[in-house]
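Enquirer: Below is the sequence, then the predicted model.
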Amino acid sequence: MSFEAIQQEIATWDAGNLRKLQALVVSLRLRQDEPDFAEKMARKIDDRTPGNWVTLEEFGQRLGMPPNSSE
């Protein structure tokens, strides 16, 4: 399949499929640029240190987002 054919197909996709494609592209770039990225993220996710994690509400407040904002 040519790149042009792929571009034409992607142009017909809905927002959900475009988000999946974007996530795929980011993950491919990370694998190339930072091969141990998944391992680093696993260590961070397993981190139980108090204060290293915040709730979604606190995260929104830090970003200046109104409560219950979907943006």
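Expert: In hand now; what should we look at?

Enquirer: only C-alpha atoms for contact and neighbour calcs from this point on.
Expert: OK.

Enquirer: For the helix or strand of the chain with the lowest mean pLDDT, C-alpha coordinates in CSV please.
Expert: When each helix and strand of the chain is scored by mean pLDDT, DSSP states H and E, helix 37-45 comes last, with a mean of 83. Taking C-alpha atoms only, helix 37-45 is exported to CSV below (Å, rounded to 0.1, in the frame of the first residue of the first chain):
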residue,chain,number,x,y,z
PHE,A,37,10.8,4.2,28.0
ALA,A,38,8.3,1.5,29.0
GLU,A,39,10.6,0.3,31.8
LYS,A,40,10.9,3.9,33.1
MET,A,41,7.2,4.4,33.0
ALA,A,42,6.6,1.1,34.9
ARG,A,43,8.9,2.3,37.7
LYS,A,44,7.1,5.6,37.9
ILE,A,45,3.7,4.0,38.0
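
Enquirer: Can you list the buried residues in that helix?
Expert: For helix 37-45, the neighbour count (16 or more other Cα atoms under 10 Å) marks no residue as buried.

Enquirer: helix or strand right after it?
Expert: Heading C-terminal from helix 37-45, the first helix or strand you meet, by DSSP states H and E, is helix 56-62.

Enquirer: Give me the buried positions along that next one.
Expert: Buried residues in helix 56-62 (16+ other Cα under 10 Å): residue 60.

Enquirer: pLDDT of that helix, averaged?
Expert: Averaging pLDDT along helix 56-62 gives 86.

Enquirer: In PDB, list the C-alpha atoms belonging to that helix.
Expert: In PDB, the C-alpha atoms belonging to helix 56-62 read as follows (Å, rounded to 0.1, in the frame of the first residue of the first chain):
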ATOM      1  CA  LEU A  56      -7.400  14.500  38.900                       C
ATOM      2  CA  GLU A  57      -9.100  17.400  40.600                       C
ATOM      3  CA  GLU A  58      -5.900  18.700  42.100                       C
ATOM      4  CA  PHE A  59      -4.200  18.300  38.700                       C
ATOM      5  CA  GLY A  60      -7.000  20.400  37.100                       C
ATOM      6  CA  GLN A  61      -6.600  23.000  39.800                       C
ATOM      7  CA  ARG A  62      -2.900  23.300  39.200                       C
END
